[in-house]
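Student: Fold the following and give me the result.
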Amino acid sequence: MTRQATLPMDTARGVPHPSGEATPSGHIGPNAIIQAVAAIRMRHGVQTCEQVFDAAGLAHHLASAPQAMVDEADVVRLHAALASLLGPAEAAAVAQDAGERTAVYLLHNRIPRLAQRVLSRLPAVIGAAVLCRAVSRHAWTFVGSGRFGVQRGDPLVLTIIGGPLNGAREARPTLAAYYAATLHGVMAGALARRVTSTFSLSIEDGKPACETRLSLGASTRSGLRR
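Tutor: This is a model prediction of the structure:
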């Protein structure tokens, strides 16, 4: 899958990062649920969203949107239900939509505006390296019990190993689409660059892995060069 994205930078707001207190492994941020709700409702309506969450055994998340970390098993069940009820192609499209929404949320609420301005003015590879260090420090918020790896360069290669991907096989393609869209959107938005990305599923260290390869293009900020 190849995509290009340019996400808005001007409305980004700085909000404190997580406190760093220990979080049980196997838990990830609530946006994995919240943004999926928004994506399903937008593409298929409220009734289909209720059907998906009922099938996943997650109706409680519709009754009350999660405000704290959620069990990664909940996210696996959600993506498995998406694939079962909507089919692989549409489930992946919904997951991509949810990932793009998550990226916008992160740009607006987790990466301060000043930091984004600085990153956007750095050479592409350097800016990406700085941003990846920050993403790696907070990887626990989206990989749960899994691992996050970075191979610097152009293309930039970001890998998630295990975690939710260890769950139901039918959930893996949609989870991969969600992760790839989120990473793509954060990189494109925070670096203010046109980004082309592809993602694939594989096995690393005996565990399922999602590899996202991102090619960093020209700046999207007026007057800046790569």
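Student: any idea of the mean pLDDT for the helix ranked longest in the chain?
Tutor: The helix spanning the most residues in the chain, taking DSSP state H as the definition, is helix 88-109. Averaging pLDDT along helix 88-109 gives 98.
Student: Which elements pack onto whatever helix or strand comes next after it?
Tutor: Downstream of helix 88-109, the next assigned helix or strand under DSSP states H and E is helix 113-121. Here helix 113-121 touches helix 124-137, helix 172-191, going by 3 or more CB pairs under 8 Å, 6 or more residues apart in numbering; DSSP states H and E. C-beta: built from backbone N, CA, C; applies to glycine.
Student: just checking, what packs against the longest helix of the chain?
Tutor: Here helix 88-109 touches helix 31-44, helix 72-86, helix 172-191, going by 3+ CB pairs under 8 Å, 6+ apart.
Student: Mean neighbour count, mean pLDDT and distance to residue 148 for the helices and strands packed on helix 113-121 - can I get that in CSV?
Tutor: Listed next are the helices and strands packed on helix 113-121 as CSV, based on neighbours: other CB atoms under 10 Å; pLDDT from 0 to 100; distance: least, CB to CB, whole Å:
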stretch, mean neighbour count, mean pLDDT, distance to residue 148
helix 124-137, 17, 96, 6
helix 172-191, 26, 98, 10
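Student: Looking at those helices, spot the one closest to residue 90.
Tutor: Nearest to residue 90, of all the helices and strands packed on helix 113-121, is helix 172-191, at 9.7 Å by CB to CB.
Student: what about the next helix or strand after the closest one, distance to the chain center?
Tutor: Sequence-wise, the next helix or strand downstream of helix 172-191 (DSSP H and E) is strand 193-204. Relative to its parent chain, strand 193-204 has a centroid offset of 12 Å by CA atoms, centre = their mean, to the nearest Å.
Student: buried residues in the next helix or strand after strand 193-204?
Tutor: As assigned by DSSP H and E, the chain's next helix or strand after strand 193-204 is strand 207-219. Using 16 or more other CB atoms under 10 Å as the burial criterion, the residues of strand 207-219 that qualify are 208-217, 219.
Student: just stretch 112-127 next, same as before
Tutor: By neighbour count, with 16+ other CB under 10 Å as the criterion, the buried positions of stretch 112-127 are 115-116, 119-120, 124, 127.
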